[in-house]
Every structure is written in structure tokens, then in C-alpha cells.
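Participant: mind folding the following:
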Amino acid sequence: MKGLPAETDFVVIGAGVAGLRAAIELAAAGRVLVLAKKEAVHSSLQPGTAALSDEEEIILHRQDTLIAGDGLGLAEAVKILEEEGVERIEELIAWGKRGGHETKLIFGSEASYSHSHILRAPGDSVGNEILHALDGKVRATKNISVLEFEFCTELLTEDERVTGVSLINDKGLPVEVACSAVLLATGGLGQIYRDTTNPDTATGDGVAMAFRAGAELSDMEFIQFHPTALYMKKTPRFLLAEGLRAEGGYLRNIEMDRFMAKYHPLAEKAPGDVVARAIVHEMEVSRARDPFVYLDLTHLNAARVQKRFPRIYATCMKHNIDVTEDVVPVRPAAHVSIGGVRTNLEGKTSLTGLFAAGEAASTGVHGANRFASNSLLEALVYGARAGRAMRDEIHNAHRTASREKKAASQNGPVDAGVEELIGQIQDIMWKDAGIVRMRAGMQEAIKVLEGLSPRVAYPRTRRSYEAANLHLAALLVAKSSLAREESRGAHYRIDYPAHDDRKFLKHSVVKGENVRFM
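Facilitator: Model (predicted):
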């Protein structure tokens, strides 16, 4: 914790695209402290990391984004994404050219998208190239400090205003930092599920801290599951892009039969949520102890596959799978949390002094389902907007002196049973609040999770705090899913398979014990 100040002007929690972009915007107005989990500092900029969901391109296309949102996309938010996205990308490319890292990002148009702009990088490294450009700009900007920390445990509040953050160090002692405004850019919550493309650090910390502080959350029921993630035991789930199926890849069940034509006229090119549900069904009927299906690219041109998807090819080769010659075992995996801390178009939450951006926020851009590649673009655009809005808080802030520091309840280096507890949370969520949902299952999930509450009541170490955050995030997802009695976007219920626009063409909002729709 060397260099951690007792007070600063702005605190940004998270060093991904949204957090770094906001920090750049804030630097001209005061001192910016960016807090990152240790793993993120060392790995988020490395090629091949799971800290980003790299996709082949970012497409600015308003109509497709609203269609994907299935009625809940906020038109004004999507308009901002498209109009400001061009400028954000162009400045990003300029920063990359001026910095120590020569950017490989290319921004142009494509004939099939007459009103679109496409951001590309060699192969499938757009996300990493964006982070490299931002990292270079941050390093060259005064007033920004990026520090590692053990864990950010809570938001400090006074009179419904956020006044700082509390951290816990490796000795179990709390450390407080006062500030005028806090940005939550903590990423997703995919670790509430057994199978996820998210990194180990995606433990829902931002939404959990915001909820405990009294902020409103929105659309927590909408979790996008990617249909095809590499499935191998004791190996992190690695996303196999939808572009592989668009390229002509086949899906085969355990008996090597193609099956998607039974579920949708577009077969493998059906929408991702349809494909994910079809795979789940094929896995269930196989009655295999360790079920999966296969992604088959062996009939495609090998040289084109290697050139088009170099990162995927190289990663699979590390696991002795040559995607041009071998079928690839896959399962669906939790990919993107669409809801989060409820914000306006400037990143402001319902608490004064608290802002959110990126996957931790619910801006209205995605609606009920995310259009592919919009996550990185949303992080850029709304990270910048939140940074601009936060600058006003420095004039209105009421700084409070750090409170008396108290020792943590215990300083034990290991939390007995915490990994087993996290496994229980992940298993019940995958089983009963995952890709396919129904009332009885979600009620059971809520009952089990509430029964686990005493085990997360007194966290002592970073991992036990993460367990508490995962537990709370899981409960919020399950309760919001139970409340939405329809199927829409990424939320599918067997007992309510159709839309109900009369009751539910609204956003869910959760605060305290209540889930309401508005």
C-alpha cells in the first residue's frame, strides 16, 4: 500500500477501459487515484489475458443495438454511444500513435454497414489494443496514480453522500481514503456462475458495494451467456467468438450429429441466446456425466481460420487442440452482466458523489441483451462522460476526515471453507438462475443463498469479502429474475416463454428488499 494517500480528489475503482478513460478525463481537475486488484495491474494489458472479452470488431450501429435490446434499450443512450463513439475512437488512435506503444487499431467503414464505423486490430486483439493506448495515455498524464490494493471493502457515506472508500490491507487492517467522488468501474460479476468467460477478479464488487451503500441497481436479471466457450477440466473458460459460427462452423452433439437446425431456421447462425439454450438442451438429453458439445471448423479453409482468428487458434493449440483438424469441446458460459448500478447518461447514480461506468453500470445502452462488441465501446464513451460529470463534484464535495481505524474482526490468512462456499453459490446459480429459468428453481436458489448468509456475515480477508460480494450479487440476480415474469432478451423463463409488454416493458430497479419495474 505504499503511496496510498489519506485523501485525494477522485477515486476510480477499476483499471479497465472505463476506469482508465475516466481517469484521463479527471486528471485536469485534480488528483486521481485509480485502484486496481493486483492481478489486474499485472495482467490486464497482457495479450491473451481473460481480463477482456476481445471481439473482432466494434461496430457503431444504432438499429442493431436497439433490436438486440429487445424493447428495453434506451434510444438516447444508444444515440450517444454512436455519436460520441467516433470521437472517442479517433482520439484513442491518436493517443496510441503519440505514446510509446504504436497502436495497431484501424477505424473505417464497411459496405455491409452503410451507417457504421468499424474498429479493427490484427487478428482478434481489439480489446488489448484499446487498453494499451489508454495505458500509454495514463502514464503520460500528470495527476493520475494507479495503485495496487488488497481489497476495496466499502464506500464511505455521510448524509447519503459518498465521501470516500475503505480498503483492507494484507494485515487485515482497514485504510480509508477521503475524496470528492468515486467511480465504480469494477467490471462484471460472472464468477457467480460455475462456467464463465470472466476473470477470477469479476466478483461483483462494484454492485455489492453500491447496494450496501444504498444505491439503486437496475436490470440485474439480464446476464448474457456466450454459447461457445472452450471446455476442458481445470482450465479457465476461453471464449470462442461467434464469428467462428458466422464463418461456417458447425455445432455437433456428443454423437457428432449437427443439431441446430432443430432449434432455429438459421441453424448455427441463430442468435446467441437461442444457440446457448439449444446447447444446454443437447447436454441434458445426452445424460453424460460431464456433458459438452463440439464446435467443428475442420471443413473450413485452415489458412483462413488461422489468419482470421489467430488468438483463438494459438490458445487452443496450447491445449493440444488444432481447430483446423480437431473438433473443439464447448459449453455455454456466463459472459456479460447487462445490468448493474443504475446511472443516468452522465454516469451519476442515485447517491451523490457516486458514479459508475462500464460493465458495473446500467446505462440503458444494452437494454435486455447486448449487441456484440458494444461493451468496449460503452466503456469508452460512458467512462469519458462519467469523468466529465465527476469534475463538478470537486466544487461541491464535503470532505470528512478519516474515521478512527479499527482492527478487522480477525486477521487469519486463510478463510476456512470459503472456496467451497463460493462453489456452492456458483453451482446453485448455474442450476437454477442460469440460461434457462423457472419459478421453482429460482425460489430454491434464493432459499439456498439466504441460508448461506451467516457464512458471509463477517468477512476477514480479501477472498471472504469476494465471497460476500458474490453472494449478494447472486441474490440480486436471482430475485430480479424471479420478479420478471416473462422472457425477454437474455432472460428466458420456461414458465413465461413470451413477452409481457403490458407489465414488463420496463426496467427492474432494486433497492433494499424491493424489486420494482419502472
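Participant: how many neighbours does the closest residue to Val515 other than its chain neighbours have?
Facilitator: Distances taken as CB to CB, 6 or more residues apart in numbering place Ala483 nearest to Val515, at 4.1 Å, with adjacent residues excluded. C-beta: built from backbone N, CA, C; applies to glycine. Residues lying near Ala483 (other CB atoms under 10 Å) number 17.
Participant: so where do the helices sit in the stretch 351-500 of the chain?
Facilitator: 374-390, 393-396, 418-432, 439-451, 462-483 (DSSP state H, counting those that start in this stretch).
Participant: on contacts alone, who are the packing partners of the last one?
Facilitator: To tie it back to what came earlier, the one meant is helix 462-483. If you count contacts as 3 or more CB pairs under 8 Å, 6 or more residues apart in numbering; DSSP states H and E, helix 462-483 packs onto strand 151-158, helix 205-213, helix 418-432, helix 439-451, strand 508-511, strand 514-517.
Participant: most packed of these?
Facilitator: Ranked by mean neighbour count, these are led by helix 205-213 with a mean of 25 (mean count of other CB atoms under 10 Å).
Participant: do you have the helices of the stretch 51-200 of the chain handy? List them.
Facilitator: Assigned by DSSP H, counting those that start in this stretch, the helices in the stretch 51-200 of the chain fall at 62-68, 75-98, 126-139.
Participant: wait, which of the ones you listed is closest to Asp432?
Facilitator: Smallest distance to Asp432 across the helices of the stretch 51-200 of the chain (CB to CB): 25.7 Å, for helix 62-68.
Participant: for the record, mean pLDDT for the closest one?
Facilitator: Across helix 62-68, the average pLDDT comes to 88.
Participant: how far does it sit from the chain's center?
Facilitator: The gap between where helix 62-68 is centred and where its chain is centred comes out at 20 Å by CA atoms, centre = their mean, to the nearest Å.
Participant: count the neighbours of the nearest residue in space to Arg342 that is not next to it in sequence for me.
Facilitator: Taking CB to CB, 6+ apart, and ignoring the residues beside it in sequence, Arg342 has Ser218 as its nearest neighbour in space, at 3.9 Å. Ser218: 24 surrounding residues under other CB under 10 Å.
Participant: try the one 5 residues further on
Facilitator: Neighbouring residues of Ile223 were enumerated by other CB under 10 Å; the total is 27.
Participant: which of the helices of the stretch 51-200 of the chain sits closest to Glu255?
Facilitator: Of all the helices of the stretch 51-200 of the chain, helix 62-68 sits nearest to Glu255, with 32.7 Å by CB to CB.
Participant: check what pLDDT Thr49 gets.
Facilitator: Predicted confidence (pLDDT) for Thr49: 29.
Participant: what does Gly164 give?
Facilitator: On pLDDT, Gly164 comes in at 96.
Participant: I'd say it and Glu176 touch.
Facilitator: Yes. If you go by CB atoms under 8 Å, Gly164 and Glu176 touch, sitting 5.9 Å apart.
Participant: of these two, who's got more company?
Facilitator: Neighbour tally, Gly164 and Glu176, criterion other CB under 10 Å: the higher count belongs to Gly164, 26 against 20.
Participant: please name the bridge partners of the more buried one.
Facilitator: Per DSSP bridges, the residues bridged to Gly164 are Leu156, Ala178.
Participant: for Lys79, see how far away Leu60 is.
Facilitator: 11 Å (CB to CB, to the nearest Å).
Participant: do Lys348 as well
Facilitator: Between Lys348 and Lys79 the distance is 19 Å, computed by CB to CB.
Participant: who has more neighbours, these two?
Facilitator: Legend: neighbour count by other CB under 10 Å for Lys348 and Lys79, higher for Lys348 (21 against 14).
Participant: tell me how far that one lies from Ala215.
Facilitator: According to CB to CB, Lys348 and Ala215 sit 10 Å apart.
Participant: with mean pLDDT and distance to Trp95 as added columns, please give the helices of the stretch 351-500 of the chain in a markdown table.
Facilitator: Formatted as a markdown table, these follow (pLDDT from 0 to 100; distance: least, CB to CB, whole Å):
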| stretch | mean pLDDT | distance to Trp95 |
| --- | --- | --- |
| helix 374-390 | 94 | 12 |
| helix 393-396 | 78 | 24 |
| helix 418-432 | 97 | 38 |
| helix 439-451 | 98 | 44 |
| helix 462-483 | 97 | 33 |
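Participant: so which of these gets nearest Thr157?
Facilitator: Proximity to Thr157, assessed across the helices of the stretch 351-500 of the chain by CB to CB, is greatest for helix 393-396 (14.1 Å).
Participant: hmm, back to that, wait, doesn't the residue nearest to Val515 sit right on Asn514?
Facilitator: No. Look at Ala483 against Asn514 with CB under 8 Å: they stay out of range, at 9.4 Å.
Participant: one step back: in CSV, list the helices of the stretch 51-200 of the chain along with distance to Glu158.
Facilitator: Converted to CSV, these look like this (distance: least, CB to CB, whole Å):
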stretch, distance to Glu158
helix 62-68, 39
helix 75-98, 31
helix 126-139, 30
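Participant: of these, which stretch is the most buried?
Facilitator: That would be helix 126-139, which, of those, has the most neighbours on average (mean count of other CB under 10 Å), namely a mean of 23.
Participant: now do that one: which elements does it pack against?
Facilitator: helix 17-26, helix 75-98, helix 374-390.
Participant: re the thing from before, for the helices of the stretch 351-500 of the chain, which one sits closest to Ile494?
Facilitator: If we rank the helices of the stretch 351-500 of the chain by CB to CB, the stretch that ends up nearest is helix 439-451, at 9.0 Å.
Participant: could you export the closest one as CSV, CA atoms only?
Facilitator: Only the C-alpha atoms of helix 439-451 are listed here, as CSV (Å, rounded to 0.1, in the frame of the first residue of the first chain):
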residue,chain,number,x,y,z
ARG,A,439,-40.1,-20.1,-10.7
ALA,A,440,-39.5,-23.2,-8.6
GLY,A,441,-35.8,-23.3,-9.4
MET,A,442,-35.2,-19.6,-8.7
GLN,A,443,-37.1,-19.9,-5.4
GLU,A,444,-34.9,-22.7,-4.4
ALA,A,445,-31.8,-20.7,-5.4
ILE,A,446,-33.0,-17.8,-3.2
LYS,A,447,-33.7,-20.2,-0.3
VAL,A,448,-30.2,-21.7,-0.5
LEU,A,449,-28.5,-18.4,-0.9
GLU,A,450,-30.3,-16.9,2.1
GLY,A,451,-29.4,-20.0,4.1
